[in-house]
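[1] Sharing a model prediction with you, sequence too.
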Amino acid sequence: MSSAETSNHEVVIIGAGVCGIYMLHRMLDLGVDVTVIEAGDGPGGTWYWNRYPGARFDSESYTYGYSFNKEILKEWSWSEHFAGQPETLRYLNYVTDKLDLRKHMQFGIRVDAAQFDEATNLWNVSLSDGRTLTTRILVTAIGMLSAATMPRIKGVEAFKGQSFHTYYWPQQPVDLAGKRIAVIGTGATGVQVIADIADKAGDLHVFQRRPNWCAPLNNGPIDDAAQAEIKASFDAIFEQCSKTPGSFLHGPDRRNLNEVPREERLAFWEKLYASRGFGVWLGNYRDVLVDPDANAEYSAFIADKIRSRVKDPAVAEKLIPKDHGFGTRRVPLETRYYEAYNRPNVHLVDVNDSPIECITSTGVRTTQKEYDFDLIIYATGFDAITGAFDRIDFTGRNGAKLADKWRDGPITYLGLQTAGFPNLFTLAGPQGASVSSNFPPGIEASVNWATDLIRYLRENNIARVEPSIEAEEQWIEEIKASYDGMLLTQTKSWFTGYNSNVDGHDKLRYMIYLGGAPKYRERLTRIAQTGYPGFELSGSTSKRRAR
Ligand code: NA7
């Protein structure tokens, strides 16, 4: 196809990650003319890009696979309780081929801009290869952590050695053996990288601004007996996930901390600390994430765990967060992270004591010292949830820009649509429940809902759907109410819209729905069953169809 050519579709999906793959499958089932535009050279999204050592998910593997296809559940065998990135990427490629989706995906192409044409009720989608697509429905499946952010440190370009953000870890092997390596950033990503490369690097310097509360992943291989049990229990596994607020296997203990005798709760916490996955965060007494005293007591328990694992008491104290309580930011799950600091080749640099002045051609200069490195790894996070939207120039009705509308924080209805941008489905975007839950179950609910609405539009020859301003206002109030009392709203993190490397992201933003996945799903079902209240359905496609 020549670069100036335009092709028409009924649905265009941006992104071939976990969400885009499932949405494509549902659209093909519906008999829709659909194409997927993907920036990577293959499917996988998050799992295509994040190839850094140690990358793996913190959801139990068997809850991370799609639940919708029994044959896939039977055929695919996860090798570990928490699979690493290469395995997850293989899985997503396997699903893509199993469902024969690849031929509907266009790789290595970015969507630069999308403009809604009110005369035709179509979106014009401008691609990085110069082509334009037109489509009635535009679906974003662009990832919530896909807009990587580099630190605002002078001299990043000056470094002559190898350096990259973890999101852009090269596809070719990176030689770490014996190398002098810097890692900047100690979020969930930094923690995974550090733990994984500590015994490979010659010298590893970790530049830490704020420590996080980390806890053991307690990963392990899945043996044949466990595999058979998992495969026989998928109904129960997904049923359990459907009941918990975050769609994980782990839901809160319904008691408050003080209702349980101290010895019993200490024994319970020991059990949580030794158990797999997010139980240590999400399986706790219900008041730990809302009551400052309960949170302080649990944080003290975890702090002691860190002290017991790090030999140098001064280093241990540096690794214990003092500015926020356990679980009020995303809890990195780790494998021997704290033990890495017991190695003679691993050094913690607290940038609060010695701020980084600049990156030099040979390394990093702090106010106290100059370091030489062969490799600098930036584990500095993402312009989370809305960053990927800001990188596409969306223009809705009356020339309105999405970036302007969302400048001070996202505004949506249900996290699925936004007024003024008809037929734009923001799956896995801000203010839905998928961003605050185990991702695949979260997106399955949103994709199924969007599919039902698209079917409804087609069956009724309706040209346009968008939420009313009133529905949006009401949803924002609900989102705000869901933040009420949550300790995480008092902490700066990507959950609450903070990023020191992005202009304007220095105050609380209402990025995610915190009311829990079951309540959110109920809401979606009710709206679909009652004719989509809060949405304005207008225009007719019947003439177009009759032609
Ligand atoms: P995060 O959790 O946002 O972590 C980014 C880290 O980078 C964090 O420790 C930041 O410190 C640090 N950072 C950012 N800028 C700087 C500068 N300028 N100097 C020093 N340190 C800096 O991103 P991740 O990729 O780790 O995790 C994102 C999600 O991916 C994760 O939650 C999982 O769901 C998967 P700060 O804490 O802001 O002081």
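    Yep, it's here. Note that the coordinates shown come from a computational prediction; the quantities given were computed from them, not determined experimentally. Residues are numbered from 1 along each chain as shown.
[2] Excluding sequence neighbours, find me the nearest residue to the residue of the chain found nearest the ligand.
    At 2.2 Å from the ligand, Gly187 is the closest residue in the chain, using CB to the nearest ligand atom. C-betas here are computed from N, CA, C, even on glycine. Nearest non-adjacent residue to Gly187, counting by CB to CB, 6 or more residues apart in numbering: Gly381, 5.5 Å away.
[3] any idea of the pLDDT on the one you found?
    Note on Gly381: pLDDT of 98.
[4] again with Phe159
    98.
[5] Can I get stretch 333-341 in PDB? Just the C-alpha atoms.
    Extracted C-alpha coordinates of stretch 333-341, given in PDB (Å, rounded to 0.1, in the frame of the first residue of the first chain):
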ATOM      1  CA  LEU A 333       7.700  -8.400  45.100                       C
ATOM      2  CA  GLU A 334      11.200  -9.700  45.100                       C
ATOM      3  CA  THR A 335      13.500 -12.700  45.200                       C
ATOM      4  CA  ARG A 336      16.600 -12.100  47.300                       C
ATOM      5  CA  TYR A 337      16.500  -8.300  46.700                       C
ATOM      6  CA  TYR A 338      17.500  -7.400  50.200                       C
ATOM      7  CA  GLU A 339      20.200 -10.000  50.300                       C
ATOM      8  CA  ALA A 340      21.800  -8.400  47.200                       C
ATOM      9  CA  TYR A 341      22.900  -5.600  49.500                       C
END
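[6] tell me the mean pLDDT over that stretch?
    Mean predicted lDDT for stretch 333-341 stands at 98.
[7] next one: stretch 205-212
    98.
[8] gap between the two ends of it?
    From its first residue to its last, stretch 205-212 covers 17 Å (CA to CA, to the nearest Å).
[9] can you give me how far that stretch is from the chain middle?
    Mean-position distance between stretch 205-212 and its chain equals 21 Å (CA atoms, centre = their mean, to the nearest Å).
[10] near the ligand at all, that stretch?
    Yes: judged by CB under 6 Å from any ligand atom, stretch 205-212 and the ligand are in contact via 207, 209-210.
[11] I'd like those written out as CSV, with secondary structure added.
    Below are the residues of stretch 205-212 next to the ligand laid out as CSV (DSSP: H, G, I helix; E, B strand; the rest coil):
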residue, secondary structure
Phe207, strand
Arg209, coil
Arg210, coil
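[12] out of these, who has the most neighbours?
    Phe207 (27 neighbours; other CB atoms under 10 Å).
[13] what's the distance between that one and Gly54?
    Distance of Phe207 to Gly54, computed by CB to CB, to the nearest Å: 17 Å.
[14] At the contact with the ligand, which residues of the stretch 1-150 of the chain appear?
    Leu145.
[15] what ranges do the strands span in the stretch 1-150 of the chain?
    6-14, 34-37, 105-106, 111-117, 122-127, 132-140 (DSSP state E, counting those that start in this stretch).
[16] tell me the angle the first one makes with strand 122-127.
    By that I understand strand 6-14. On the basis of axes from the mean of the first three to the mean of the last three CA atoms, to 10 degrees, strand 6-14 is oriented at 80 degrees to strand 122-127.
[17] Give me the contact list for strand 6-14.
    Contact partners of strand 6-14, identified using CB atoms under 8 Å, 6 or more residues apart in numbering, comprise 1, 20, 23-24, 27, 32-37, 111, 122-123, 125, 131-142, 392, 454.
[18] got it, and the second one?
    Counting contacts by CB under 8 Å, 6+ apart, the residues outside strand 34-37 that touch it are 7, 9-16, 20, 24, 27-28, 101, 104-106, 109-111, 125, 127, 133.
[19] residues from the stretch 151-300 of the chain in reach of the ligand?
    Contact residues (CB under 6 Å from any ligand atom) of the stretch 151-300 of the chain with the ligand: 151, 153, 184-190, 207, 209-210.
[20] will you turn the residues you listed into TSV that also has secondary structure and distance to Ser542?
    Formatted as TSV, those follow (DSSP: H, G, I helix; E, B strand; the rest coil; distance: CB to CB, whole Å):
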residue	secondary structure	distance to Ser542
Pro151	coil	54
Ile153	coil	58
Ile184	strand	57
Gly185	coil	54
Thr186	coil	57
Gly187	coil	51
Ala188	helix	50
Thr189	helix	50
Gly190	helix	55
Phe207	strand	61
Arg209	coil	58
Arg210	coil	57
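[21] Just flag the most distant two among the residues you listed.
    For these, the maximum inter-member distance is 21.0 Å, found between Ile153 and Ala188 (CB to CB).
[22] what angle do the longest helix seen in the chain and strand 6-14 make?
    The residue-count maximum for a helix in the chain (DSSP state H) belongs to helix 439-459. Our comparison of helix 439-459 with strand 6-14, counting by the same axes, to 10 degrees, yields an angle of 140 degrees.
[23] tell me what helix 439-459 is packed against?
    If contacts are counted by 3 or more CB pairs under 8 Å, 6 or more residues apart in numbering; DSSP states H and E, helix 439-459 sits against helix 18-30, helix 61-64, strand 132-140, helix 234-243, strand 462-467, helix 517-529.
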